[in-house]
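Fold the following and give me the result.
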Amino acid sequence: MKAITYTTHGGPEVLNLGEAAEPHAGPGQVRLKVVAAAVNPLDHKIRNGWFPQMTPPLPAIPGLEAAGIVDEVGEGVTGVQEGDEVLGWVTAGYAEYALATDFALKPASLDWDTAAALPTAVETSVRVLDLLKVGEGDTVLIHGAAGVVGAAGVQLAIARGATVIGTASPANHDYLRSLGATPVAYGEGLGDRVRAAAPNGVDAVYDAAGQGDLPLSIELRGGTDRIVTIADPAAAELGVVFTGGGAPFGARLGEYAQLAADGKLGVRIAASLPLADAAKAQELVETGHVQGKVVLRPAE
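Numbering: from 1, shown residues only. Next comes the predicted model:
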């Protein structure tokens, strides 16, 4: 099969399009013919060798999230059959075929790019909002609100009845307003801008940015209660909850996929590129300035 592989750690130039052995579904797995594979920040961090505990044996194929058509069903898997369209988490997703164990059926009306981009953003934000116990009447401050994960958090918090204040660069303020959030700009004076937007204070803080805003968040909350970060390594020394991974989510993912299909949950797609452009795709994500998710299309 066609696949993107790398044989050594390093920059995007180590990624190469070539041939790799096809995987086959084992117990508890399905094999997908990949239609769209999402590019995540974790992909380039693993490629660089920054997370040795997560690095697969080399040569390796990147890719943790995809959508595609089931063409093999492993022993013990129920509720899915060959020909079904699914989305979820995979191993080695930058390829024509990939294996999945945690997935959901894709609604027929949900486009492939959105399907591939949805799982991690939704699972992360649902996990954080559950930890924060966000509900009706809460005012939630979300740092990094215009990113793919943060924007999912905005939409899901509002769906729970919360008011959302989102930090973002001014270029993303109209986007946040379109989601129903009140945008505030990063930088000096952020605390004053948040207080002006939430004169009665904030009830919870979701840090999806990891840009050093935890001390201010603690000040705004009057303590560390109901603050969760997914990105700031200073969390432990500040007494803030850091969450970096969740339990299998496929059973709930279908519910959110249907919301997306119904137009009630959106993900911005920044670029949809052929598989051969994987290095370019990772470069875009690695800048940290891409507006939306980058997706690879193995069949193109």
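
Next up, the contacts around the nearest residue to residue 127 once chain neighbours are set aside.
Of all residues beyond its chain neighbours, the one nearest residue 127 is residue 246 (4.6 Å), with distances taken as CB to CB, 6 or more residues apart in numbering. All C-beta spots, glycine's among them, are computed from the backbone N, C-alpha and C. Residue 246 sits next to 123-124, 127 when contact means CB atoms under 8 Å, 6 or more residues apart in numbering.

Columns secondary structure and distance to residue 210 on top of these, output as JSON lines?
JSON lines is the format used below for the contacts of residue 246 (DSSP: H, G, I helix; E, B strand; the rest coil; distance: CB to CB, whole Å):
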{"residue": "123", "secondary structure": "helix", "distance to residue 210": "18"}
{"residue": "124", "secondary structure": "helix", "distance to residue 210": "13"}
{"residue": "127", "secondary structure": "helix", "distance to residue 210": "16"}
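
Generate a PyMOL selection restricted to the buried subset of these.
Here is the PyMOL command that selects only those of those that count as buried (16 or more other CB atoms under 10 Å):
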select buried, resi 123+124+127
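
ok, back up a step: helix, strand or coil for the residue nearest to residue 127?
The three-state assignment at residue 246 reads coil, by DSSP: H, G, I helix; E, B strand; the rest coil.

still on that earlier bit, which one of the contacts of residue 246 is nearest to residue 145?
Closest approach to residue 145 among those (CB to CB): residue 124, at 13.5 Å.

Contact partners for the closest one?
Counting by CB under 8 Å, 6+ apart, residue 124 touches 149, 152-153, 208, 230, 246.

how does it look with 10 Å?
For residue 124, the contacting residues are 148-150, 152-153, 206, 208, 230, 243-246, 249, by CB atoms under 10 Å, 6 or more residues apart in numbering.

just residue 216 next, same as before
When contacts are counted by CB under 10 Å, 6+ apart, residue 216 touches 141, 143, 167, 190-191, 194, 205.

Could you identify the buried members of these?
Once neighbours are counted (16+ other CB under 10 Å), the buried part of those comes down to 141, 143, 167, 190, 194, 205.

got a list of what the first one touches?
In this structure, residue 141 makes contact with 163-167, 182, 184, 190, 194, 197-198, 201-207, 213, 216-217, 220-221, 227, judged by CB under 10 Å, 6+ apart.

ok, back up a step: want to try TSV for the contacts of residue 246, with distance to residue 293 and pLDDT as columns?
Conversion of these to TSV gives the following (distance: CB to CB, whole Å; pLDDT from 0 to 100):
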residue	distance to residue 293	pLDDT
123	14	96
124	13	96
127	19	97
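
how about a markdown table for the contacts of residue 246, with distance to residue 33 added?
Formatted as a markdown table, these follow (distance: CB to CB, whole Å):
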| residue | distance to residue 33 |
| --- | --- |
| 123 | 23 |
| 124 | 26 |
| 127 | 29 |
